[in-house]
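# Sequence and predicted model, in that order:
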Amino acid sequence: MFNVEDKIAPERVEMRTTFATTMDALATEDKRVVYLDCDLMNSIGMVGFSKKFPEQTVNCGIQEANMVGVAAGMSATGLVPYAHTFGTFASRRVMDQVFVSAAYAKLNVRIIGSDPGVTASANGGTHMPLEDMGMMRCVPEVTILEPTDSAMLADILRQTKDAYGVFYIRLSRKVADKIFTDGSTFEIGKAAQLRDGTDVTIFASGICVADALKAADILATRGIKAAVSNMFTIKPIDREAVVEAARKTGAIVTAENHSIIGGLGSAVSEVLTDTVPAPLERVGVKDHFGEVGSVDYLKKAFSIGVEDIVAASEKAMARKGAVK
């Protein structure tokens, strides 16, 4: 059961702090929990964890593919591994190990890819994963999750401890906008509807959720009732939520901090094509490499901000009933 905050505001703690404190709690209650890293413990806030739980921590060095292989091997012995590195290296650099050593072998591995999309900011194009969800979606039986804020992150980490399979968790390290009240719980695989509406439905993930809510406020001033759903599980996608939205509002928008190719927009498009065709506008990065800049600058440069969601919503509505 989740509750939505009355007002959107930045959280008081960074996401990496919540990650570290939650992992501390999991490792304390369950000695099977192990943490693996590629020399980025300071970046993700896990230095204190490594000192407190030296026997449950492995620093693999800058050897991302090896880390996933080690995590798979640990899983085979009954341990519950969480393996972290930047999202670029947790996807592009480790695909064969994810596919063969973890997923194909039907093992139990959680891969944490931090700094997704434009949140990589000053690290620039080489470190800016705009394709990671698309790559992971192609691997059979992988669950893809993108926690929106600290409340969701804490709950998802707790749930994955006792779940089984390969999980890719797309995690921003810095301060997120607080959407949910502390203690909220979520159902993996089910969209979290944040606002009801009858004219258009906005499915958003990650940092785009707060912007989707702001866009809905602007649309309301124009007499447009926009529904907003947080699609934090990219795979398996909540097909029922998409179909219901298409039937109820007849116009869909997706908003994601990712390429429009292969991510949330693609997943929703596939559902609509298979079930209830409806106008869909995708807000996301349009087949570009990343670049250096602040998050605000990059959102504007790649057209994934509030005004872009507003424009996409109005365009999707205008297409209702259109004959090509």
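On my side now, so go ahead. If you're wondering where the values come from, they're calculated on a predicted model, not measured in any experiment.

# Low-confidence ranges, the chain, go.
322-324 (pLDDT under 70).

# The stretch 201-324 of the chain: helices as residue ranges?
Taking DSSP state H, counting those that start in this stretch as the test, the helices found in the stretch 201-324 of the chain are 208-221, 239-249, 264-274, 295-301, 306-318.

# which stretch among these comes nearest H127?
Among those, helix 295-301 comes nearest to H127, with 12.6 Å by C-beta to C-beta. (Each C-beta comes from the backbone N, C-alpha and C, glycine too.)

# Against D37, how distant is F99?
Taking C-beta to C-beta, to the nearest Å as the criterion, F99 is separated from D37 by 22 Å.

# Revised request: answer the last question for M23.
Distance from M23 to D37, counting by C-beta to C-beta: 11 Å.

# Could you do C60 as well?
7 Å.

# which neighbours do these two share?
In terms of C-beta atoms under 8 Å, 6 or more residues apart in numbering, C60 and D37 are both contacted by the residues M67.

# Neighbour count: those two, which is higher?
Higher neighbour count among C60 and D37: D37, with 24 against 19, using other C-beta atoms under 10 Å.

# So the more buried one sits against V58, correct?
Yes - here D37 reaches V58: they are 7.4 Å apart, a contact under C-beta atoms under 8 Å.

# shared neighbours of those two, which are they?
Joint contacts of D37 and V58 (C-beta under 8 Å, 6+ apart) are M67.

# Show me which residues of stretch 220-230 are buried.
With burial defined by 16 or more other C-beta atoms under 10 Å, the residues of stretch 220-230 counted as buried are 224, 226-230.

# again but with stretch 6-18, I slipped
11, 14-18.

# same question, stretch 288-299
290, 293, 295, 298-299.

# Then stretch 163-182?
166-173, 175-180.

# Confirm for me that N257 is in contact with P116.
Yes - using C-beta under 8 Å, N257 and P116 qualify as a contacting pair, with a distance of 6.1 Å.

# Now the common contact residues for those two.
With C-beta under 8 Å, 6+ apart, N257 and P116 have common neighbours G206.

# Name the SS class of T17, please.
Secondary structure assignment for T17 (DSSP: H, G, I helix; E, B strand; the rest coil): helix.

# residues in contact with it?
T17 makes contact with 45, 150 under the criterion C-beta under 8 Å, 6+ apart.

# now do I188
143, 145, 156, 159, 163, 233.

# for the residues you listed, which one is nearest F186?
Here the nearest of the contacts of I188 to F186, counting by C-beta to C-beta, is I156; it sits at 6.9 Å.

# Tell me, how many residues neighbour the closest one?
I156, neighbours per other C-beta under 10 Å, totals 25.

# can you check S43 too?
17.

# Ok, the one 5 residues further on next?
The tally of other residues near G48 (other C-beta under 10 Å) stands at 12.

# how much space between it and L264?
In terms of C-beta to C-beta, G48 sits 34 Å off from L264.

# One more: V98?
20 Å.

# residues contacting I44?
16, 19-20, 37, 84, 112, 114, 173.

# Give me the subset of those lying in helices.
Under the assignment DSSP state H, those contribute 16, 19-20 to helices.

# And those, which is closest to N42?
Nearest to N42, judged by C-beta to C-beta, of the ones in helices among the contacts of I44 is R16 at 9.9 Å.

# where's the closest one relative to G45, distance?
4 Å.

# got any residues that touch both of these two?
R173.

# before we move on, the earlier item: give me the subset of the contacts of I188 lying in strands.
Judged by DSSP state E, these include 143, 145, 233 as members of strands.

# Include neighbour count and distance to R93 when you put these into CSV, please.
CSV is the format used below for the ones in strands among the contacts of I188 (neighbours: other C-beta atoms under 10 Å; distance: C-beta to C-beta, whole Å):
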residue, neighbour count, distance to R93
T143, 19, 20
L145, 24, 20
T233, 22, 24
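
# Can you tell me which of the buried residues of stretch 163-182 is closest to G284?
R170 (13.7 Å).

# Right, I'll call it a day here.
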